[in-house]
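Q: Give me the fold of what follows.
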Amino acid sequence: MALRIEDYALIGDTQTAALVGLDGSIDWLCLPRFDSPACFAALLGDDSHGRWLIAPEGEVTRTERRYRDGTLVLETDFHTPGGVLQVVDSMPIRDEAPDVVRVARCLEGRVNVRMELVLRFDFGRVVPWVRRSEDGGLTAIVGPDAVHLIPGRPTRGRDLTTVAEFELEAGDDVSFVLTWYPSHEPEPKPVDGLAATADTTRWWEEWTGRADLDGPHGELVKRSLITLKALTYGPTGGIVAAPTTSLPEAIGGVRNWDYRFCWVRDATLTLQALMHAGYIDEARAWRDWLLRAVAGSPDEMQIMYGPAGERRLTELELPWLPGYEGSAPVRIGNAASDQFQLDVYGELMDSMLQAREDGMPSEPAAWRLQLALLAFLEKAWEEPDEGIWEVRGKRRHFVHSKVMAWVAFDRAVRTVERFEHDGPVDRWRELRDRIHREVCERGFDAERGSFTQSYGSRGLDAATLMIPIVGFLPPDDERVIGTVEAIQRELVRDGFVLRYDTDEADDGLPPGEGAFLPCSFWLAEVLALQGKVDEARELFERLLDLRNDVGLLAEEYDPVAGRQLGNFPQAFTHLSLVGAAIAIGEGQSMRSAGPGVR
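A: Down below sits the predicted model:
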């Protein structure tokens with residue numbers, strides 16, 4: 001039986017990542033980068049599609065795990081009748097090639113340990129050719145890809161699986177190092193697993209040590225920031241939405257998408273969370289990635305790109321993989337890359353303004369890009385789009401999309417006013433006011449007292465919670481209050497928020513999905529902005545209870561089954577957690593300071 005999604009933990013090297021199961025298995029690993037064909041794809045099938053297990057043989061009475069404080073180095077303790085085995089997993093910040101380092105250490109007594117390695121390439125489809133190396137390790141090759149295993153104990157082959165069985169006594173430790181490299185090149189120099197683990201620990205400690213984390217939720221914000229940093233693609237500055245593909249939004253359903261790409265929306269919001277903590281270098285790297293990725297005609301700007309800025313993200317189905325718990329099809333690539341989504345222009349303009357306000361050095365090319373995008377948006381904002389939720393039905397005039405078009409022009413005006421850039425500011429002010437009037441007239445249902453999902457519809461959309469967050473209307477505006485109350489009344493299930501009602505919406509897909517965790521954090525943030533700090537904190541803490549034992553969250557949650565759903569861990573969820581934590585912390589500070597303090 002498959003582990004639950006929340007039974008996994010993340011390790012990574014800011015170029016790719018792996019998921020480590022509570023049972024000591026690595027079931028998902030793409031090498032050499034996030035969107036490469038997997039080396040381990042058991043999460044989407046079974047053990048025959050790739051897996052790397054290090055665990056005690058026989059009975060395990062208790063399992064505990066944790067990240068080393070301020071790091072992405074994972075420690076898992078397996079308690080057995082004979083002793084305690086600790087497995088330390090990490091991916092060193094690479095010099096030459098990506099490495100996965102696993103250290104098995106006996107903390108108490110004596111433990112029999114089993115290592116099983118099933119290597120599969122092309123997303124679990126291809127069995128590599130394996131041979132022994134001169135250094136006593138193993139080399140596995142398929143086409144352009146090769147991996148080299150440096151085992152800490154002798155191995156043997158059995159049924160297309162590499163196996164090692166050994167005993168450890170208290171104080172013993174042994175490392176296993178798996179390294180990817182191009183098959184036409186020599187094997188990389190050997191890696192000392194113990195030294196690499198220590199170096200990786202120090203690297204993460206130094207990174208988190210630079211964070212400016214004031215407020216009552218500093219530790220949980222730190223864990224989310226580490227997760228967001230792990231989803232950055234170091235060589236280019238791109239930020240992927242998640243390290244996985246096709247983890248379902250409903251078990252057995254078809255809403256299974258590939259999230260191993262850089263959404264402009266997710267990346268800009270992630271950037272804002274990192275900037276809030278003082279990580280200006282990440283902001284500069286993302287800006288430079290953006291300038292390269294969207295270079296060309298403004299009307300050809302995509303909503304997402306590959307980690308290095310690739311544009312062609314053709315969506316394919318992989319029929320040889322049955323999917324997580326039978327949730328098919330498994331997809332790679334994402335057809336939504338061809339969609340038109342207005343909101344990305346607003347998120348981009350907002351993040352660039354915040355970056356300037358936070359002290360990021362000016363780049364003339366960045367403003368020229370913004371001018372070109374705004375010139376395109378002056379006409380494009382009146383067009384229907386697929387919206388933030390990437391519907392696969394007909395295009396519509398989504399309210400959230402129009403609000404974010406307003407944000408684009410609003411931030412452009414503010415950029416000119418604050419930083420003395422050149423631009424047609426009078427025309428932008430006029431457009432900003434025109435969009436605002438239209439949204440309030442066509443996107444608001446006076447009878448229900450709520451903003452709707454799209455012009456002329458009666459359906460609700462949790463994305464309209466962004467209206468007070470981005471400053472389109474103040475939090476205490478009657479229309480905002482009515483919208484929040486309507487969402488609480490109609491889109492909240494078992495205490496958590498749905499994106500919209502998929503049973504009623506014409507989104508081009510069968511109905512059914514879990515509660516959407518980013519939207520739930522948005523609701524907590526809006527409640528805090530409205531001064532309802534106790535209510536906001538209650539929802540926030542209920543959401544925090546959904547985190548797994550190492551503080552990670554997926555995209556969605558099934559409140560009936562009590563389990564996480566969707567790609568994991570999800571940047572969108574963690575950055576929304578950061579936003580809610582900041583708003584609640586500020587709300588508590590204002591209330592404790594007394595009346596009249598804003």
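
Q: quick one: least confident helix or strand in the chain?
A: Within the chain, no helix or strand scores below helix 571-593, which has a mean of 78 by mean pLDDT, DSSP states H and E.

Q: which ones are touching the closest residue to Gln564 other than its chain neighbours?
A: Beyond its immediate neighbours in the sequence, the residue positioned closest to Gln564 (Cβ to Cβ, 6 or more residues apart in numbering) is Ala554, lying 4.0 Å away. C-beta here means a position set from N, CA and C on the backbone, and glycine is covered the same way. The contact partners of Ala554, taken as Cβ atoms under 8 Å, 6 or more residues apart in numbering, are Ile5, Glu6, Leu247, Leu517, Gln564, Leu565, Gly566, Asn567, Phe568, Pro569, Gln570, Thr573.

Q: cool, Ile93 as well?
A: Asp13, Thr14, Thr200, Trp203, Gly234.

Q: Closest to Thr464 out of the residues you listed?
A: Checking the contacts of Ile93 against Thr464 with Cβ to Cβ, the nearest one is Thr14 at 34.6 Å.

Q: Assign the residue nearest to Gln564 to helix, strand or coil.
A: coil (DSSP: H, G, I helix; E, B strand; the rest coil).

Q: And the furthest pair within the contacts of Ile93?
A: Thr200 and Gly234 (13.8 Å).

Q: between the two, which one's more packed in?
A: Thr200 (23 against 16; other Cβ atoms under 10 Å).

Q: shouldn't the more buried one be in contact with Val101?
A: Yes. The criterion here is Cβ atoms under 8 Å, and Thr200 meets it with Val101 at 7.5 Å.

Q: Tell me the residues that contact both of the two, please.
A: Ser90, Met91, Pro92.

Q: ok, the last one - contacts?
A: Put plainly, it is Pro92. Applying Cβ under 8 Å, 6+ apart, we find Pro92 in contact with Asp13, Asp99, Val101, Val191, Ala196, Thr197, Asp199, Thr200, Trp203.

Q: Domain ranges for the chain, per the record?
A: 5-197, 210-593 (automatic domain parsing).

Q: mean pLDDT lowest for which of those?
A: Ranked by mean pLDDT, the domains of the chain end with domain 210-593 at the bottom, a mean of 92.

Q: Pull out the buried positions in the lengthiest strand in the chain.
A: When the chain is parsed with DSSP state E, its longest strand is strand 99-118. For strand 99-118, the neighbour count (16 or more other Cβ atoms under 10 Å) marks 99-108, 111, 113, 115-118 as buried.

Q: What of stretch 124-139?
A: The neighbour-count check on stretch 124-139 (16+ other Cβ under 10 Å) flags Gly124, Arg125, Val127, Pro128, Val130, Gly137, Leu138, Thr139 as buried.

Q: Just give the closest residue to the fourth one, not the sequence neighbours.
A: Just to be clear, that refers to Pro128. Nearest one to Pro128, counting by Cβ to Cβ, 6+ apart, is Ala140 at 3.9 Å.

Q: got the CA coordinates for whichever strand or helix holds the one you found in PDB?
A: Using DSSP states H and E, Ala140 maps to strand 138-142. In PDB, the C-alpha atoms belonging to strand 138-142 read as follows (Å, rounded to 0.1, in the frame of the first residue of the first chain):
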ATOM      1  CA  LEU A 138      28.200   0.400  -9.000                       C
ATOM      2  CA  THR A 139      27.500   2.300 -12.200                       C
ATOM      3  CA  ALA A 140      24.100   2.300 -14.000                       C
ATOM      4  CA  ILE A 141      23.700   3.700 -17.500                       C
ATOM      5  CA  VAL A 142      20.800   4.400 -19.800                       C
END
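
Q: Past it, which element shows up next along the chain?
A: strand 145-150.

Q: re earlier: direction included, what does the longest strand of the chain pair against?
A: Sheet pairing of strand 99-118 (DSSP bridges) gives strand 51-56 (antiparallel), strand 83-90 (antiparallel), strand 161-169 (antiparallel), strand 173-182 (antiparallel).

Q: Okay, buried residues for the helix or strand encompassing Glu206 please.
A: Counting by DSSP H and E, the element that carries Glu206 is helix 193-209. Going by neighbour count (16+ other Cβ under 10 Å), the buried part of helix 193-209 is Gly193, Leu194, Ala196, Thr197, Thr200, Thr201, Trp203, Trp204, Trp207, Thr208.

Q: buried stuff in the helix or strand that that helix is followed by?
A: Sequence-wise, the next helix or strand downstream of helix 193-209 (DSSP H and E) is helix 218-230. Within helix 218-230, the residues scored as buried using 16+ other Cβ under 10 Å are Leu220, Val221, Lys222, Arg223, Ser224, Leu225, Ile226, Thr227, Leu228, Lys229, Ala230.

Q: With stretch 452-465 instead?
A: Thr452, Gln453, Ser454, Tyr455, Ser457, Leu460, Asp461, Ala462, Ala463, Thr464, Leu465.

Q: could I get those as CSV with distance to Leu29 and secondary structure?
A: Converted to CSV, these look like this (distance: Cβ to Cβ, whole Å; DSSP: H, G, I helix; E, B strand; the rest coil):
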residue, distance to Leu29, secondary structure
Thr452, 43, coil
Gln453, 38, coil
Ser454, 40, strand
Tyr455, 45, coil
Ser457, 43, coil
Leu460, 40, coil
Asp461, 36, coil
Ala462, 33, helix
Ala463, 33, helix
Thr464, 39, helix
Leu465, 36, helix
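
Q: where along the stretch 351-500 of the chain do the helices fall?
A: Ranges of helices in the stretch 351-500 of the chain, per DSSP state H, counting those that start in this stretch, are 364-380, 399-419, 425-442, 466-469, 478-490.

Q: how about those, which one is nearest Phe521?
A: Minimum separation from Phe521 across the helices of the stretch 351-500 of the chain (Cβ to Cβ) falls at helix 466-469, 10.6 Å.

Q: tell me which residues of the closest one are tucked away?
A: Using 16+ other Cβ under 10 Å as the test for burial, helix 466-469 gives Met466, Ile467, Pro468.

Q: Looking at those, which is nearest Ile481?
A: Nearest member of the buried residues of helix 466-469 to Ile481, counting by Cβ to Cβ, is Pro468, at 9.6 Å.

Q: Please report how far that closest one lies from Thr483.
A: Counting by Cβ to Cβ, to the nearest Å, the gap from Pro468 to Thr483 is 9 Å.

Q: With Glu108 instead?
A: 56 Å.

Q: now swap in Ala55 and tell me
A: Ala55 is 50 Å from Thr483, by Cβ to Cβ.

Q: Repeat that for Gly309.
A: Distance of Gly309 to Thr483, given as Cβ to Cβ: 37 Å.

Q: Looking at those two, which is more packed in?
A: The neighbour comparison of Gly309 against Thr483 (other Cβ under 10 Å) goes to Thr483, with 28 against 19.
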